[in-house]
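K.L.:
All I have is the shape, not the residue letters:
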Ligand SMILES: Nc1ncnc2c1ncn2[C@@H]1O[C@H](COP(=O)(O)OP(=O)(O)OP(=O)(O)O)[C@@H](O)[C@H]1O
């Protein structure tokens with residue numbers, strides 16, 4: 001394995017040519033192949049892919065829980081797993097549901113953990129407050145909702161004040177309110193300078209919290225970059241009118257790029273919806289419907305995999 005590091009590069013996680021093969025009765029299965037993952041310092045980075053695309057395997061390798069078949073990994077510019085003992089203090093991770101005692105309160109559970117990592121009661125109170133459990137800290141863990149349990153798990157990782165927080169599908173199994181709570185918490189953590197790696201198979205969820213993303217499919221990198229850059233160019237407005245040809249002429253005369261869709265027109269522009277309403281109204285055409293065209297990661301994903309979906313590539317419904 002190569003051992004080069006790049007001092008001063010602004011990535012918290014970097015992998016090159018990362019590969020993981022499993023062999024079983026059915027033969028060899030490649031879970032992760034030639035993955036180059038770059039997670040920049042600060043903010044929330046989404047690690048996206050359908051079920052079985054290799055996210056958990058990648059995270060497990062980064063944390064020293066599984067050995068790569070090939071490739072290199074760096075955390076904070078230190079090669080892992082060799083340097084894990086040095087960097088682990090800076091990393092918090094929720095990969096599986098942690099084992100808390102159901103008969104203890106949330107606070108008691110955290111105090112036990114805090115004691116084992118040399119932290120005190122003040123750290124516990126702070127961690128509970130950060131995840132919004134200050135008021136419920138003295139309730140029994142067994143009585144917590146799934147969302148509260150997940151927040152306590154995140155609080156446990158915050159005890160050591162990590163610079164990198166790795167969360168593997170933290171909203172799995174949560175109801176919409178629980179999902180929103182975790183999402184808001186992740187956003188807040190990202191805003192306080194912690195780098196968060198958030199794995200998810202729910203595109204819409206990631207788009208709402210992440211600054212940058214890596215999208216994988218079948219263990220391979222499909223796309224990476226800032227969310228706003230990845231979705232740029234897929235936005236616009238969807239227009240439904242009775243006189244489609246007339247509307248098209250007016251919009252094109254106003255220098256708007258127009259294409260026809262099944263039930264209307266797609267106007268690809270960064271200009272506001274009011275421009276379209278005005279252009280059409282001035283030409284005597286009244287809108288039946290005007291809505292934002294999808295400018296989301298799902299569109300990006302569909303585009304990325306359009307050629308390959310006929311084969312073994314993930315399908316959009318895998319993301320739901
Ligand atoms: N211990 C193992 N032995 C054999 N195959 C495995 C093992 N762990 C994972 N795999 C396989 O590797 C592939 C990637 O799985 P992984 O759990 O990393 O995907 P994922 O993207 O995290 O999916 P999910 O969203 O379902 O958690 C899958 O095909 C899975 O069956």
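P.N.:
That came in fine, so what should we check first? Nothing here was measured: the structure is a model prediction, and the numbers come from that model.

K.L.:
For the residue of the stretch 151-300 of the chain found nearest the ligand, report the pLDDT, please.
P.N.:
Per CB to the nearest ligand atom, residue 201 is where the stretch 151-300 of the chain lies closest to the ligand, at 4.9 Å. Where C-beta positions appear, they are placed from N, C-alpha and C, glycine not excepted. Note on residue 201: pLDDT of 83.

K.L.:
again, but for residue 304
P.N.:
We have a pLDDT of 64 for residue 304.

K.L.:
Show me which residues of the stretch 101-250 of the chain are close to the ligand?
P.N.:
Applying CB under 6 Å from any ligand atom, we find that the stretch 101-250 of the chain lies next to the ligand at residue 201.

K.L.:
Show me the shaky parts of the stretch 101-250 of the chain.
P.N.:
Scanning the stretch 101-250 of the chain for pLDDT under 70 picks out 232-235.

K.L.:
residue ranges for the helices of it, please.
P.N.:
Residue ranges of the helices in the stretch 101-250 of the chain, as given by DSSP state H, counting those that start in this stretch, are 106-116, 121-130, 146-158, 176-191, 203-209, 227-231, 244-253.

K.L.:
what's the angle between the second one and helix 146-158?
P.N.:
Going by axes from the mean of the first three to the mean of the last three CA atoms, to 10 degrees, helix 121-130 is angled at 140 degrees with respect to helix 146-158.

K.L.:
in helix 121-130, what's buried?
P.N.:
The neighbour-count check on helix 121-130 (16 or more other CB atoms under 10 Å) flags 123-124, 126-128, 130 as buried.

K.L.:
what are the ranges of the strands in the chain?
P.N.:
11-24, 27-40, 43-48, 70-75, 78-80, 91-94, 164-168, 195-200, 212-217, 220-226, 237-241, 257-260, 265-268, 287-292 (DSSP state E).

K.L.:
The residue most central in space within the chain and residue 285: what is the separation?
P.N.:
By CA atoms, centre = their mean, the mean C-alpha position of the chain lies nearest to residue 46, the distance being 2.5 Å. Distance, residue 46 to residue 285, by CB to CB, to the nearest Å: 40 Å.

K.L.:
Distance-wise, check the residue nearest to residue 17 when sequence neighbours are not counted relative to the ligand.
P.N.:
Once flanking residues are discounted, residue 17 sits nearest to residue 71: 4.0 Å by CB to CB, 6 or more residues apart in numbering. Distance check for residue 71 against the ligand: by CB to the nearest ligand atom, to the nearest Å, it reads 15 Å.

K.L.:
So residue 71 sits against residue 21, correct?
P.N.:
No - applying CB atoms under 8 Å as the test, residue 71 and residue 21 come out as separate, 11.4 Å apart.

K.L.:
These two: who's more crowded?
P.N.:
The residue with more neighbours, out of residue 71 and residue 21, is residue 71; 20 against 14, by other CB atoms under 10 Å.

K.L.:
Next up, the contacts around that one.
P.N.:
1, 15-19, 34-35 (CB atoms under 8 Å, 6 or more residues apart in numbering).

K.L.:
Can you check the pLDDT for it?
P.N.:
Per the predicted model, pLDDT is 97 at residue 71.

K.L.:
Wait, residue 86 touches residue 78, no?
P.N.:
Yes - if you go by CB under 8 Å, residue 86 and residue 78 touch, sitting 6.1 Å apart.

K.L.:
Just give me the neighbour total for residue 217.
P.N.:
A total of 24 residues lie near residue 217 under the criterion other CB under 10 Å.

K.L.:
Bridging across strands, which residues link to it?
P.N.:
Judged by DSSP bridges, the bridge partners of residue 217 are residue 220.

K.L.:
Would you agree it is in contact with residue 53?
P.N.:
Yes - judged on CB under 8 Å, residue 217 makes contact with residue 53 at a distance of 5.5 Å.

K.L.:
Now for the nearest residue to residue 83 once chain neighbours are set aside: which residues touch it?
P.N.:
Among residues not flanking residue 83 along the chain, residue 75 sits closest, at 7.5 Å (CB to CB, 6+ apart). For residue 75, the contacting residues are 12-13, 62, 83-84, 87, 90-91, 164, by CB under 8 Å, 6+ apart.

K.L.:
Write down the beta-bridge partners of residue 75, one by one.
P.N.:
Residues in beta-bridge contact with residue 75 (DSSP bridges): residue 13, residue 78.

K.L.:
Might you report the residue contacts of residue 211?
P.N.:
43-45, 190, 226-227.

K.L.:
could you dump the strands of the chain to a markdown table with distance to residue 58?
P.N.:
Below are the strands of the chain laid out as a markdown table (distance: least, CB to CB, whole Å):
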| stretch | distance to residue 58 |
| --- | --- |
| strand 11-24 | 7 |
| strand 27-40 | 5 |
| strand 43-48 | 7 |
| strand 70-75 | 9 |
| strand 78-80 | 12 |
| strand 91-94 | 12 |
| strand 164-168 | 10 |
| strand 195-200 | 8 |
| strand 212-217 | 8 |
| strand 220-226 | 11 |
| strand 237-241 | 37 |
| strand 257-260 | 38 |
| strand 265-268 | 35 |
| strand 287-292 | 33 |
